[in-house]
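[1] curious how this folds, go ahead:
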Amino acid sequence: MLERLFTESAGDLARYFARRHGGGDCVQDLVQETFLQMARGMRDGKSPKCARGYLFGIARHLSQAAWAARAVDNVLPFDPAAAEVAAPVADDRINAARETISALEPLQREILELRFSHSLSYAEIAESLGIPIGTVRSRLHHAVAEVRHRLESELNPSTL
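    Numbering: from 1, shown residues only. The predicted structure is shown next:
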């Protein structure tokens, strides 16, 4: 099971960590530590309902711990927007969407990212964040509605 999960999810986890911590060895170390903790949990009898969601939950906690360690070491925080590898786009709508998403509350941003960047299901998101699936649905719905509303008002101010 763990080998299949690694094959299916290691790339997604690497992208997840890269968005938060930049590139380099740190990303691979975090991916390996995520699977190591998953293996330890399985050895100790933990049987998550949703393995991929549980895996991203471990990744989330490791990411937070890495940030805390950086804060202690007085390292400047990493700007996730600077890690975007995509070529610059001259489309104002994309820039407006990025700004709008960055203005959302952190949990809404994280749910959006897990759903749309990493294709996690609602159940996987609920497992990874440790919240009920209904909360995931509600927060995702409100986040998408908020982004849509803000973008419509920014791009078409005369229609409101």
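
[2] let me see the ranges of the helices in this protein.
    Assigned helices in the chain, in chain order: 2-21, 25-43, 51-72, 92-102, 106-112, 122-129, 133-155 (criterion: DSSP state H).

[3] most tightly packed of these?
    helix 122-129 (a mean of 22; mean count of other CB atoms under 10 Å). C-betas here are computed from N, CA, C, even on glycine.

[4] before we move on, the earlier item: format the helices of the chain as CSV; extra columns: mean pLDDT.
    Listed next are the helices of the chain as CSV, based on pLDDT from 0 to 100:
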stretch, mean pLDDT
helix 2-21, 89
helix 25-43, 90
helix 51-72, 83
helix 92-102, 81
helix 106-112, 90
helix 122-129, 92
helix 133-155, 89
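
[5] quick check: Leu30 vs Glu154, distance?
    35 Å (CB to CB, to the nearest Å).

[6] equivalent analysis for Gln37, please.
    42 Å.

[7] can you name the residues in contact with stretch 134-142?
    The contact list for stretch 134-142 (CB atoms under 8 Å, 6 or more residues apart in numbering) reads Leu107, Gln108, Ile111, Leu112, Arg115, Tyr122, Ile125, Ala126, Leu129.

[8] what's around the fifth one, how many residues?
    Burial measure for Arg115: 18 neighbouring residues, criterion other CB atoms under 10 Å.

[9] what sits against it?
    So Arg115 contacts Tyr122, Ile125, Leu140 (CB under 8 Å, 6+ apart).

[10] contacting residues for the first one?
    If you count contacts by CB under 8 Å, 6+ apart, Tyr122 has them with Arg115, Ile133, Val136, Arg137, Leu140.

[11] quick one: it from Asn95, how far?
    For Tyr122 relative to Asn95 (CB to CB), the value is 29 Å.

[12] hmm, back to that, nearest to Arg4 among the contacts of stretch 134-142?
    Among the contacts of stretch 134-142, Ile125 lies closest to Arg4 (CB to CB), at 20.5 Å.

[13] tell me if I'm right that that closest one and Phe116 touch.
    No - counting by CB atoms under 8 Å, Ile125 does not reach Phe116; the two are 10.8 Å apart.

[14] now His149: how far from Ala103?
    His149 is 12 Å from Ala103, by CB to CB.

[15] Ala68 too?
    On the measure of CB to CB, Ala68 and Ala103 end up 24 Å apart.

[16] and what of Arg19?
    Arg19 is 17 Å from Ala103, by CB to CB.

[17] break this protein down into its domains, please.
    1-85, 88-160 (automatic domain parsing).
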